[in-house]
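**Q** got a structure for you, letters missing:
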């Protein structure tokens with residue numbers, strides 16, 4: 001079987017790129033399609049704030065006239081300026097179960113980045129789907145919204161192409177329907193803290209001031225995450241774009257700000273798992289998909305904790321614990337299963353907090369990298 005790797009150049013190429021996962025995963029009940037109406041436009045620079053600041057190519061692997069693989073390869077200039085690095089990335093990787101296809105796609109990505117002066121290739125980090133890594137553990141668990149899903153063989157492809165582990169991201173779960181409750185000592189701590197610190201308050205997201213709330217999240221994220229592996233200052237437009245994408249499914253029981261004397265100093269951002277509905281509507285908004293999203297998301301029992309951040313000046317007060325408790329108290333009476341995603345394996349502070357809260361680790365994703373020198 002002859003395999004060729006071509007760059008996406010035409011509208012038909014773009015359609016082939018976007019549609020490939022639908023064919024690869026058609027018999028996989030765990031896979032969730034994207035919203036196809038959005039996905040068809042999402043790879044345009046004008047519509048994606050990360051690609052807008054990046055050099056990138058979309059690649060298609062073909063054999064006997066059929067598309068058998070795809071990859072997005074890009075150079076994020078903002079990341080490299082901040083980190084003083086020469087790192088390129090790949091994402092949106094998909095392939096049939098043929099090692100030759102996977103190897104060719106990854107080798108081509110490395111060659112393209114090397115020819116542009118990059119010293120390292122890292123991925124998968126998907127700047128459209130906001131997903132990081134290949135699933136390495138927990139394949140039997142369905143992906144929550146904006147998280148990866150892939151067969152085990154993708155990890156074999158990466159290793160065969162000379163990639164090695166860069167970092168693992170862990171997933172934790174607390175399921176109120178299975179009896180999960182916040183440990184009593186945390187609830188007691190929460191109550192004592194709130195009595196002793198009248199200057200601290202917790203409030204829900206204000207939907208009437210969404211852009212202002214997005215700015216609070218943006219500012220706190222950049223201050224809180226600055227020491228994390230892989231960090232690059234979050235662009236306000238990227239954050240606003242994500243918040244507005246989540247607006248149709250936002251649940252104010254899942255988004256909280258902790259304030260000190262009325263000033264936001266921390267937040268937690270959760271949302272219903274839209275993938276549950278996307279499976280039902282096959283990713284199609286029309287004719288009734290929009291209605292099912294708008295009216296069905298409030299009845300979902302699966303949620304994702306996407307982010308939690310506390311201002312550095314307030315990180316030793318236990319405000320993160322207050323947010324966890326407040327979030328659980330709001331969602332647990334509804335029987336919600338909550339996933340905390342993208343926990344860095346060496347972020348011992350966050351891991352210890354989640355484990356002391358009796359959350360269970362259920363899944364992990366692996367990000368790979370390869371030296372291009």
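**A** Done, it's in. These figures come from a predicted structure and were not determined experimentally.
**Q** what's around the closest residue to residue 155 other than its chain neighbours, how many residues?
**A** Excluding its sequence neighbours, the residue lying closest to residue 155 (C-beta to C-beta, 6 or more residues apart in numbering) is residue 134, at 5.3 Å. The C-beta positions use only the backbone N, C-alpha and C, and glycine is treated the same way. Neighbour count for residue 134, taken as other C-beta atoms under 10 Å: 24.
**Q** residues in contact with residue 134?
**A** 124, 148, 150, 154, 155, 158, 365, 366, 368 (C-beta atoms under 8 Å, 6 or more residues apart in numbering).
**Q** Tell me the pLDDT of the closest residue to residue 284 other than its chain neighbours.
**A** Take residue 284 and drop its neighbours on the chain: the residue closest to it by C-beta to C-beta, 6+ apart is residue 36, 6.2 Å away. Per-residue pLDDT puts residue 36 at 91.
**Q** do the same with the one 10 residues further on
**A** Residue-level confidence at residue 46 comes out at 80, pLDDT.
**Q** pretty sure it is in a helix, no?
**A** Yes. Residue 46 forms part of a helix when assessed by DSSP: H, G, I helix; E, B strand; the rest coil.
**Q** Residue 143 contacts residue 274, correct?
**A** No. Counting by C-beta atoms under 8 Å, residue 143 does not reach residue 274; the two are 11.0 Å apart.
**Q** Give the other helices and strands that the lowest-mean-pLDDT helix or strand in the chain contacts.
**A** Least confident helix or strand of the chain, by mean pLDDT, DSSP states H and E, is helix 236-246 with a mean of 77. If contacts are counted by 3 or more C-beta pairs under 8 Å, 6 or more residues apart in numbering; DSSP states H and E, helix 236-246 sits against helix 49-52, helix 210-224.
**Q** ok, and for it, which residues are buried?
**A** 236, 238, 239, 240, 241, 242, 243, 246 (16 or more other C-beta atoms under 10 Å).
**Q** again, but for stretch 107-122
**A** Using 16+ other C-beta under 10 Å as the test for burial, stretch 107-122 gives 108, 109, 110, 112, 113, 114, 118, 120, 121, 122.
**Q** mean confidence score for that stretch?
**A** Mean predicted confidence for stretch 107-122 is 97.
**Q** Can you get me the start-to-end distance on that stretch?
**A** 13 Å (C-alpha to C-alpha, to the nearest Å).
**Q** does residue 157 really touch residue 97, like I thought?
**A** No. With contact defined as C-beta under 8 Å, residue 157 does not reach residue 97; the gap is 9.5 Å.
**Q** Neighbour count: these two, which is higher?
**A** Neighbour totals were compared for residue 157 and residue 97, and residue 157 leads with 26 against 14 (other C-beta under 10 Å).
**Q** Give me the local confidence score for that one.
**A** 97.
**Q** And it, how close does it get to residue 113?
**A** 17 Å (C-beta to C-beta, to the nearest Å).
**Q** Kindly report the same for residue 288.
**A** Separation of residue 288 from residue 113 (C-beta to C-beta): 43 Å.
**Q** Pretty sure residue 306 sits in a helix.
**A** No. Remark: residue 306 does not belong to a helix; assigned using three-state DSSP, it is strand.
**Q** Break the chain into its domains for me.
**A** Following automatic domain parsing, one finds the domains of the chain at 4-168, 181-357.
**Q** Out of these, which gets the lowest mean score?
**A** Among the domains of the chain, domain 181-357 carries the lowest mean pLDDT, at a mean of 89.
**Q** Span of that domain from start to end?
**A** End to end - C-alpha to C-alpha - domain 181-357 spans 9 Å.
**Q** and the least confident helix or strand of the chain, how far out from the chain's middle?
**A** How far helix 236-246 lies from its chain's middle: 13 Å, per C-alpha atoms, centre = their mean, to the nearest Å.
**Q** And for stretch 290-308?
**A** Taking C-alpha atoms, centre = their mean, one finds stretch 290-308 lying 15 Å from the centre of the chain it belongs to.
**Q** Tabulate the domains of the chain in TSV, adding columns for distance to residue 175.
**A** TSV is the format used below for those (distance: least, C-beta to C-beta, whole Å):
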stretch	distance to residue 175
domain 4-168	12
domain 181-357	4
